[in-house]
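# Fold the following for me, if possible:
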Amino acid sequence: MLLEYCLPFVETGGIFIAMKGSSTEEVDASKKALAELGGEIENVIETTLPLSDIKRNIILIRKLRQTPTKYPRKAGKPSKEPII
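Next up, the predicted model:
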């Protein structure tokens, strides 16, 4: 869902940076959405939040091509029918 809401607004050649939880399951599940929206994961950086032991992943996504004009869809649609 996050990719669909944000990647259409990134310029071709630009980078979208997202902070996600400690699991990388979403990264693996995002392959179809990335292909559809014109992006590619460039790097996944595991980090620990300051003053804690909480792990997070910073995901760097490069936009390779124009996103189809049908994206982003209206609010609520991506959560009900995600691109998987």
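# what's around Leu37, how many residues?
Neighbourhood size, Leu37 [other Cβ atoms under 10 Å]: 25. All C-beta spots, glycine's among them, are computed from the backbone N, C-alpha and C.
# er, Gly76 actually
Neighbour number of Gly76 under other Cβ under 10 Å is 8.
# Now it. Its backbone dihedrals?
For Gly76, the backbone dihedrals are phi 90, psi -30 (criterion: degrees, to the nearest 10).
# Within the helices and strands, which one has Ile45?
strand 39-48 (DSSP states H and E).
# pLDDT-wise, which helix or strand of the protein ranks last?
Least confident element among the helices and strands of the chain, by mean pLDDT, DSSP states H and E: helix 25-29 (a mean of 87).
# who touches it?
With contacts defined as Cβ atoms under 8 Å, 6 or more residues apart in numbering, helix 25-29 is touched by Lys20, Ile41, Val44, Asn57, Ile59, Ile84.
# Take the residues you listed and write them to a markdown table, including distance to Glu4, pLDDT and neighbour count.
What follows is those, written out as a markdown table (distance: Cβ to Cβ, whole Å; pLDDT from 0 to 100; neighbours: other Cβ atoms under 10 Å):
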| residue | distance to Glu4 | pLDDT | neighbour count |
| --- | --- | --- | --- |
| Lys20 | 15 | 93 | 16 |
| Ile41 | 15 | 96 | 14 |
| Val44 | 19 | 95 | 13 |
| Asn57 | 19 | 95 | 17 |
| Ile59 | 15 | 96 | 21 |
| Ile84 | 11 | 81 | 8 |
